[in-house]
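1. Dropping a prediction and its sequence here:
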Amino acid sequence: MTSQPSGSPQRVLIHGVSGRMGRETLAAVYGAPDMDAVGGVRLNGSGNTFSLPDGTATVPLYADAAAAIKETSPQVMVDFSVAAISPTAIKAAVSQGVHVVSGTTGLSDDDLQEIDKLAQEHNVGVLLAPNFAIGAVLLVHLASTLGRFFDYAEIVEAHHEAKLDAPSGTSIAIAKALASGRTEPFNRPMPEKELLPNSRGAEQDGVSLHAMRMQGRVAHQELILGTVGQTLTLRHDTTGRDCYMPGVLTAIRQVVQCKGLVVGLEKMLEL
């Protein structure tokens, strides 16, 4: 895949265009003066075009990422799909010299290693980010600096009822960031008698993670840190998916300067 001529809009393909985040991304890319939405991929869809959320325009619609890339010649593919299909689409894009921005979580370590290897071989960048909201990205960044000062850490997160994975990728990223500055896991007291299984939640590096799923929520992350005589609580609330779009557009603009796999939008924010 050849690079775009200097000054030309970035050609962007959206994989998972019919989902909530895919629709938001399509509208944001269409409204960005330096980008051109060249197509969308919807695996189980029908029809040849897909309309913008406001109905003002359409983009070509495809059922397969590889075919869409061949037809539309994108510079960047944005992926908001599911872990069962995302790796195949990302590898297809990278193999054809297309940069990738993905918000799909749950990819295996083997997939990540293969994606990184392919991206290095084809001299393209791949950004995988569990969250594109700037506040959530800052929460992950702060967690990496705070973990060493506290002995206990718990995360409570709440998302909409249709979210497919639990705990969220953002919660796992926060837990890993907390542990990154420590030499040993957090203290995680367990009851002598557990009246119900998993009452202390899931565990990552000694951090307990508690996931709620219900209507009326979009995405909420709350981190509670504790040590002798004190606690510190940090919380990020997402009230609308439009909050993700500045981060997505930033990632699209910057991923073309990268080579190989980059995990986390914070790597692109000069934090």
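-> Sure, I can see it. Treat the numbers as computed from the prediction; the structure is a model and nothing was measured. Numbers count the residues shown, from 1 in each chain.

2. What is the lowest-mean-pLDDT helix or strand in the chain packed up against?
-> Least confident helix or strand, the chain: strand 49-51 with a mean of 84, by mean pLDDT, DSSP states H and E. With contacts defined as 3 or more C-beta pairs under 8 Å, 6 or more residues apart in numbering; DSSP states H and E, strand 49-51 has these neighbours: strand 58-62. The C-beta positions use only the backbone N, C-alpha and C, and glycine is treated the same way.

3. in the stretch 1-150 of the chain, which spans are helices?
-> Applying DSSP state H, counting those that start in this stretch to the stretch 1-150 of the chain gives helices spanning 20-31, 65-72, 86-95, 109-121, 134-146.

4. In a markdown table: these, plus distance to residue 157, mean pLDDT and mean neighbour count.
-> Putting those into a markdown table (distance: least, C-beta to C-beta, whole Å; pLDDT from 0 to 100; neighbours: other C-beta atoms under 10 Å) gives the following:
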| stretch | distance to residue 157 | mean pLDDT | mean neighbour count |
| --- | --- | --- | --- |
| helix 20-31 | 17 | 93 | 20 |
| helix 65-72 | 30 | 94 | 19 |
| helix 86-95 | 21 | 96 | 23 |
| helix 109-121 | 22 | 96 | 15 |
| helix 134-146 | 10 | 94 | 19 |
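
5. Who are the contact partners of the residue nearest to residue 74 when sequence neighbours are not counted?
-> With C-beta to C-beta, 6 or more residues apart in numbering as the criterion, residue 74 has its nearest non-adjacent residue at 3.9 Å, and that residue is residue 13. Going by C-beta atoms under 8 Å, 6 or more residues apart in numbering, residue 13 touches 38-41, 65, 68-69, 72, 74, 76-78, 93, 98.

6. ok, those vs residue 182, which is closest?
-> Closest to residue 182 out of the contacts of residue 13 is residue 78 (34.2 Å), distances taken as C-beta to C-beta.

7. What's opposite the residue nearest to residue 74 in the beta bridge?
-> residue 39, residue 77 (DSSP bridges).

8. measure it to residue 101 for me?
-> 11 Å (C-beta to C-beta, to the nearest Å).

9. Need the overlap of contacts for those two.
-> 76-78.

10. how about residue 264, phi and psi?
-> phi 100, psi 130 (degrees, to the nearest 10).
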